[in-house]
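# Turn this into a model:
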Amino acid sequence: MSVENHESESGYPEHPHISSSVAEMKPHYDVVVIGSGYGGGIAASRMSRAGKRVALLERGKERWPGEYPTETIDCFKEAQSESGEFRTGKKTGMYRFYYGGDQVAVAGCGLGGTSLINANVALEADKRVWEMPVWPEEIRKDTEGIKLGYKRAKEMLQPEPYPEHFPELPKLKALEEQAKKLGPEYAKNFYRPPLTVAFENRVNSAGVRQLKSTLTGNDSTGVNDGSKNTTLVNYVSDAWNHGCEIFCQINVQRIKKDKKTGKWVVFYEWLDDGREEFTDYHSLYFVMADVVFLAAGTLGSNEILLRSRNFGLEVSPQVGEKFSGNGDILGFGYNTDLKCNAIAMGKHNPSNFPNGPVGPCITGIIDMRQSGDSVYDGYVIEEGVCPAPFATILKTYFKISDVEDKNKPTNLTLSEKFAKFLREISSSTSNYQGSMANTQSYLIMSHDNSTGRIQLVNDKVNLEFNGVGELEMIKKLNETLSRATINFNGEYISSPIWLKVFGCKLVTVHPLGGCCMGKDGKTGVVNHKGQVYTGTGTTVHKDLYICDGSIVPTSLAVNPFLTISCLAERIMNLAAKDRGWVIDYELVKKPIDWNKPLKTWNLEVTKQNASPDGGIKFTESLVGYFSTEIVSEDYQAAELQAKTSESKMQLLLTVIAPDAKSLVELKDHSALITGTMSCRALSPDPLIITKGNFRFFIFNENQVDSKKLMYNFNLLSTSGEKYQFMGFKLLTNSSMFEEWAATTTIYSTIYEYNNGNENDLSDDIDPNRKILGRGILHVTVSDFRKQLQTLMATGSNASQRRAAYLKFLSYFSSVTASHAFTRFRPLLYPKKFPFAKPFYHKPRPEKEMYVIESNDKVKTLIHRFKGGSKGPVLLIHGAAMSYEMWATNLVEHTFLDYLLENGYDVWLNDSRLSPTNAECYKQFPLDAVRLDQKAAIDHVRKITECDKIAVVAHCLGSISTLMGLLDGSIEGVGSLVTSQVSVNPINGFVNMLKRNSQLLPIYRHILRQDLFDVRTSPDTNLLNRIVDQCLRFYPVPKHQVCNNALCHRASLCYGTLYQHENLNQLIHDYQSEFFGTINLTTMNHMVYITAAQKIVNYDKKDVYVTEENVKKNLNFPIFSIHGDKNVVFDIKSSRKSYDTLINYAQNPDFYSMHELAGYGHLDSWWGNDAHKDVFPKVLDHLENTKDTYGYALKASHDIQGSHSGISVVKKIISEELHKIGNGYLHENGHLH
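Numbering: from 1, shown residues only. Next comes the predicted model:
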């Protein structure tokens, strides 16, 4: 099909990349094809056309015309070399060289395999080759099958000779002249062979647009004009168009048959640029398949099968045997009298190249395959092109070569000698002039004895073909090339490595064999269908095929790719028939729509296209320990247990963010994760990530001022077991050194797999999901250095990549710096105006509210939530707080709701300490607050008709309640819980320093302040603004730094009130809703009390904590709780209080205390886990003492009866509220 040019701005055809990221690979396919050359491309195309879900795995990179290297240095960067003794170059290098005894082999590496760099000659094998006894009988007899294979291959490859109407090519003309001079037998066998090159603008058989050849001769390094009909632009593109999923940089290592699932497991190494940094990490990816077609090229397939055999795969002992170099001979006719122009143009523009067109690599042939009586006497001579990057090297080699006399012309005239000399001089300034322009390149294909051997030495491919270069046939053919050269006064120079000094080695660009076809496992590796033998018999692995040059059991004496294609087509036909599959062989009728292939599958993974803003990618190695014994959230304990049993875990992850802007700006901050895990506790083989999500610096709502790096992914073992991994790194406010630990430590949990939606990688995991183990993983210093080297930007141009890189680095740096230098961040203030915010809500009974009056005529409020017939329990708040400290909707679990859920009748008071009470702005000691607690307790007793009630009191609420109890003014308490302080208050260290530094007198008498409000704003007065800024440097416990101005002021007033890691962000940000002002008289009273280390009155008299008072008035159950990290009141406070009580008590068994590990002051009630760690302790006390208070003491008195006359009470409430007016303010200034 002829079409108009379809070009990009560079002049090359536009083709989008069709390969997918490894992160998008499914764990299982119907068919997995390994390799993308002729055998692999055909397998992928035909199996996809049979309606199967196919994955094609290619070791090299995906490169399209316009992306192949042209500069010499770039070409050398793409070279990789390997032998049993060494390996150099990157594994994805486009040009792959194998070294061994007397034989060197060259292969291509990339999507398209060796077809990317071959010479395009599409010739069938001599018919006599097919009759050789080395073939299985089924092949020798299947003439029609062979014909059909060739036919189908030609339909897709579309070979045609160099057109007669095209420009005359000097090298082609030279070869024709050389054939004539060699003799009539040679001349008659000269012709132009069919080439897989487009000589017109067209849409090829696969629907790919191609431009006509610009005749650059760059075939051996990659043709950028789009004319070379590689498998990339036919079979591979056709496979993609029919639903095949293509994955590049996949270095398959081995395959095995899993006994449990019956599936084939293909283990591979992902050759991502980043992962190659981690050379000491040996865990492999894998993909499973029902059917596997191995087509990694002759050397690649042998390597994979040999390694698989070493790992236990049952195969024929013939693997690696009967290797052939196809009798390839490389030589040069240097400085002839013929103009050849046989140096590739390289980077030169073909439109103004001074020497004119070079042509495709090979355009002519002297076909001598029928010249001898035996098929083994046949050979072909083809002219070639020297790749531009090697021209200078070859020129130097030519000039220093000590050419034997037999390879030199004799009897040259003086003028002929002078002409040769001038050409030598001319070529010294250019590779395209003089002697180099008159140098012919030769490639012979003949028959060797196919006795070479491929081995794995040190797990690397090693070729052994000793003596191949000294075969008589090789010597004879070199002599023929010598004659062809000397006939035109040139010097014949053989391949550099064929010199005796190098051991007469040969170079082959057509390696064959090693996995040869045979009648059984004694004579071959595969049967005529390409199925791999399980041993020396005829039994095969029915679903394991090989379909590349490695199955050819003999040299072919001609370019082999068309014959390889023929065999591959035959194998696909038989494989489909054996399974009842139908291959659609009809050629496509229109160009490929690169945005809409003919066939797609319902993708479980959404393909992430490249962003115009560029993306980011990096690789991370994590190592550590994993315990299946400890499944609690104590990660350190799990790590220690795992260390005792050497239960290790290792991860090598690659994070792929196609859009760097989304990664750093959007709330989700997500990217793909792919990678592997090694963990013997889960699987003897590596596990792969089948679906992964990385979330970058996610705001952690459950912990103040912290962010998480989330790692959530599904894992699959080779036996089919599935798991879910959830891990996180936690970044909090800390020092730079601690930031390093935070960003390199991941807390890991393995869950039983959820058989629901595989794409569900939510951070919220079902609490009932079974936990299989926990552990801690780390990034080592050396691995972190490697990780930094793997950090790279992606994008279509340098500007995109640079912008993406800078965006990522600036975001990462700003986030980490903000946590390391928190004290210098802008202060956060309570919001000036009410606004909608997230909150937790639970259904509660309708609230009842009462106005009560203390003995000194101060009115306060008390609230009731009647949750059941237990109790009643009165909750008493602390300093400068309202009853909301127990009932706030800023935490998910409140103590109020906890008691209601357990059936309690709960009461909460708002004393004069509450910021909702106008009295809080007046001066009063704690002795006065004692009267509010008495009024509240008396009111609860009156309404509930209970003689005694239970009380839970916090901080100053606890002290003021104890005052009334000790002096006897408060009666009717049958059970008490004191929170964070009891009868012997003792300051924490910093509070003690503040007390001794006389800060309070200075503030009160010098600065003339009598109130301190923890609330503030940027619009406050100068004094408060100065205080706010100075408090940035207030000494707080480790990891308790923040930039919340209210938190700073509360710390100054009371001491650091909580462990920040225990709080959610919401309560930390909005404490101002129930936290407010305290008068300095009350604060002064607290100074007296803590200085005395016991409760005293405002006159500093010891009227409360006496032995008599304790024995007489505290003769009931009292339970004290105290956070071991409390710095407001030291833990010694409750310990000393406990000692005081039991020493003075009538019954010491009434008293108990509990130290709350990991808790500070207020977080014992607001902490994320307080409902698990604290509330049950308090509930136990209330339940265990229920016979000492409340409704249980009322004999046969129904709780409902206690509320007779409720309507009258409500009327009284209404009247009282009207009287007191604005005395009791809600947060927004309105009445409750």
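
# and Glu774, how far is that from Arg930?
Careful, residue 774 is Arg; it's not Glu. 49 Å (C-beta to C-beta, to the nearest Å). The way it works is simple: take the backbone N, C-alpha and C, and place the C-beta from them, glycine included.

# and if you look at Glu1073?
For Glu1073 relative to Arg930 (C-beta to C-beta), the value is 27 Å.

# okay, these two: which has more neighbours?
Between Glu1073 and Arg930, counted using other C-beta atoms under 10 Å, Arg930 has the larger neighbour count: 26 against 22.

# if I look at the more buried one, how far off is His939?
Arg930 is 15 Å from His939, where distance means C-beta to C-beta.

# Please apply the same query to Ala388.
From Ala388 across to His939, the span is 99 Å (C-beta to C-beta).

# Which one's more surrounded, the two?
A count of neighbours by other C-beta under 10 Å puts Ala388 above the other of Ala388 and His939, at 25 against 20.

# The more buried one - nearest residue in space that isn't next to it in sequence?
What sits nearest to Ala388 in space, not counting adjacent residues and going by C-beta to C-beta, 6 or more residues apart in numbering, is Gly346, at 2.8 Å.

# Thr392 is in contact with that neighbour, correct?
No: between Gly346 and Thr392 there is no contact under C-beta atoms under 8 Å: 10.9 Å.

# Which one of these two is surrounded by more residues?
Set Gly346 next to Thr392 and count neighbours by other C-beta under 10 Å: Gly346 wins out with 22 against 12.

# Report the secondary structure state of that one.
Secondary structure state of Gly346, per DSSP: H, G, I helix; E, B strand; the rest coil, is coil.

# contacting residues around it?
Gly346 makes contacts with 70-72, 216, 218, 221, 387-389, 391, as judged by C-beta atoms under 8 Å, 6 or more residues apart in numbering.

# Among the residues you listed, the buried ones, what's the PyMOL command?
Remark: buried members of those, expressed as a PyMOL selection using 16 or more other C-beta atoms under 10 Å:
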select buried, resi 70+72+216+218+221+387+388+389+391
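
# what would the contacts of Gly346 look like in a markdown table with pLDDT and secondary structure?
Putting the contacts of Gly346 into a markdown table (pLDDT from 0 to 100; DSSP: H, G, I helix; E, B strand; the rest coil) gives the following:
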| residue | pLDDT | secondary structure |
| --- | --- | --- |
| Thr70 | 91 | coil |
| Glu71 | 91 | coil |
| Thr72 | 90 | helix |
| Thr216 | 96 | coil |
| Asn218 | 96 | helix |
| Thr221 | 95 | coil |
| Pro387 | 94 | coil |
| Ala388 | 93 | helix |
| Pro389 | 91 | helix |
| Ala391 | 92 | helix |
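
# What distance do you get for Met649 to Phe728?
Counting by C-beta to C-beta, the separation of Met649 from Phe728 is 15 Å.

# Of the two, which one has the most company?
The residue with more neighbours, out of Met649 and Phe728, is Met649; 25 against 20, by other C-beta under 10 Å.

# On the pLDDT front, check the more buried one for me.
Note on Met649: pLDDT of 95.

# wait, what's in contact with Thr628?
647, 681, 772-773.

# no, scratch that, I was asking about Phe86
Listed by C-beta under 8 Å, 6+ apart, the contact partners of Phe86 are Lys460.

# And the contacts of the host helix or strand of Lys181?
Assigned by DSSP states H and E, Lys181 belongs to helix 170-182. Helix 170-182 is contacted from outside by 162, 186-187, 189-190, 192, 333, 336, 338-342, 356, 358-359, 363-364, 366, 381-385, 440-441, 480, 483-485, 487-488, using C-beta under 8 Å, 6+ apart.

# Got the domain ranges for the chain?
If you go by automatic domain parsing, the domain ranges for the chain are 19-81+92-159+226-326+511-579, 333-445+468-502, 615-819, 848-1223.

# Worst mean pLDDT among the ones you listed?
domain 615-819 (a mean of 85).

# What is the end-to-end distance of that one?
25 Å (C-alpha to C-alpha, to the nearest Å).

# now stretch 1006-1015
22 Å.

# What residues does Arg995 make contact with?
987, 1087, 1090-1091.

# where do the strands sit along the stretch 151-300 of the chain?
Counting by DSSP state E, counting those that start in this stretch, the stretch 151-300 of the chain has strands at residues 190-191, 202-203, 209-210, 245-247, 250-257, 264-270, 285-294.

# Could you please name the strands the fifth one pairs with and the direction of each pair?
Using DSSP bridges, the strands paired with strand 250-257 are strand 264-270 (antiparallel).

# ok, now the third one?
Strands flanking strand 209-210 in the sheet, each with its direction: strand 202-203 (antiparallel) (DSSP bridges).

# Quick check: mean pLDDT of the strand it pairs with?
For strand 202-203, the mean pLDDT works out to 96.

# from the chain's centre, how far out does that strand sit?
Distance of strand 202-203 from the chain centroid (C-alpha atoms, centre = their mean, to the nearest Å) equals 40 Å.
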